[in-house]
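Engineer: quick one: sequence plus predicted model below, questions after.
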Amino acid sequence: MGRKHFPVQTGLWVLAVVIGALTARANADMPGTASVDFDKRPPRVGVLYVPADRHELPPAEIDQIDKTFTQSLVVAAPGGSVTFKNSDDVNHNVFANDIKNGASFDIGLMSPGGETSIPVNWKEQSVIRVGCKIHPKMRTYIATFPAAFYRVVEFRPDQKNYAIDLSDLPDNAEHVILRIPNYEQVVIDLNDKRSWSKQIVKKGKPRGQIVLSSRSGNGVPVE
């Protein structure tokens, strides 16, 4: 019998179907949700992100209203800038003094309606605390790293369990990192599902856990 010949269009259609099936399988194996659970009172804020060698981020901006920073944490690109605004009806004095990470600035007295930008010229991969010299209870954080994707999560003192949507996580992501100020960094290898569950640790003591569930709905139990 002679060899059968299939039209080129048919071959391309079969190839597209195979690639589509492999892509769908790969997507199903990617995380769709992150569950963060604390054993006791949770911290103030955290950020879950996919690291990148370099990635363009929109300029970071933090406003001040009712003697409160409008954001608990912003992500700023290394070498970029952070803009502070004062939409309050009182004066503020924004500052940071993180010697370990080389972040030391004081923008001075900021009157209502004022606006000041500062360069992000301190250590990369850091999370620094920012306050107001006039109002000591005011607090926010600037996370400095290039990120292809991130989610800032504000925790509540009366809530221990959180679900974070990861449905638009980049399909080529290799790692997800959880950063919480004053906690140990959590690194999750997406290529190894055994690492999809990790303890959240502060000063050597477990304080909770993070568990990723795939888009197909399969989770991984914490060891």
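Structural biologist: Nice, thanks for sending it over.
Engineer: longest single strand anywhere in the protein?
Structural biologist: strand 205-214 (DSSP state E).
Engineer: list the buried residues in that strand.
Structural biologist: Buried residues in strand 205-214, counted by 16 or more other Cβ atoms under 10 Å: 207-214. Where C-beta positions appear, they are placed from N, C-alpha and C, glycine not excepted.
Engineer: what do you get for stretch 125-144?
Structural biologist: Those would be 126-132, 135, 138-144, for stretch 125-144 by 16+ other Cβ under 10 Å.
Engineer: which residues touch stretch 149-168?
Structural biologist: Residues outside stretch 149-168 that contact it (Cβ atoms under 8 Å, 6 or more residues apart in numbering) are 30-50, 71-75, 169-170, 173, 176, 208, 212, 215.
Engineer: show me the shaky parts of this protein.
Structural biologist: 1-28, 55, 217-223 (pLDDT under 70).
Engineer: try 90 this time
Structural biologist: The chain contains residues with pLDDT under 90 at 1-30, 52-59, 77-79, 146, 148, 171, 194, 215-223.
Engineer: quick one: the helices in it, in order.
Structural biologist: Along the chain, the stretches classed as helices by DSSP state H are 8-28.
Engineer: and for G108, the neighbour number?
Structural biologist: 12 (other Cβ atoms under 10 Å).
Engineer: so what does it look like in phi/psi?
Structural biologist: Phi and psi for G108, reported as degrees, to the nearest 10, are phi 80, psi -170.
Engineer: isn't it right up against N93?
Structural biologist: Yes - counting by Cβ atoms under 8 Å, N93 is a contact partner of G108 at 6.5 Å.
Engineer: one step back: let's see which of the contacts of stretch 149-168 end up in strands.
Structural biologist: 31-38, 45-50, 73-75, 176, 208, 212.
Engineer: what sits against P31?
Structural biologist: 166, 169, 176, 190, 196, 212-215.
Engineer: and for K85?
Structural biologist: Contacts of K85 (Cβ under 8 Å, 6+ apart): 61-64, 114-115.
Engineer: buried set for stretch 87-105?
Structural biologist: So, applying 16+ other Cβ under 10 Å, buried residues of stretch 87-105: 88, 92, 94, 96, 98, 101, 103, 105.
Engineer: need the distance between the two termini of that stretch.
Structural biologist: Stretch 87-105 stretches 21 Å from its first residue to its last (Cα to Cα, to the nearest Å).
Engineer: cool, stretch 181-188 as well?
Structural biologist: Termini of stretch 181-188 sit 18 Å apart (Cα to Cα).
Engineer: neighbours around A60, how many?
Structural biologist: For A60, using other Cβ under 10 Å, the count is 21.
Engineer: could you check how far S104 is from Q125?
Structural biologist: 18 Å (Cβ to Cβ, to the nearest Å).
Engineer: next one: R156
Structural biologist: 27 Å.
Engineer: what residues does stretch 193-212 touch?
Structural biologist: 31, 33-40, 42, 160, 166, 176, 178, 180, 182-184, 186-190, 214, 219-223.
Engineer: so what's the residue count around E124?
Structural biologist: Neighbour tally, E124, other Cβ under 10 Å: 12.
Engineer: surely it and A143 touch.
Structural biologist: No - here E124 lies out of contact with A143, judged by Cβ under 8 Å, at a distance of 10.3 Å.
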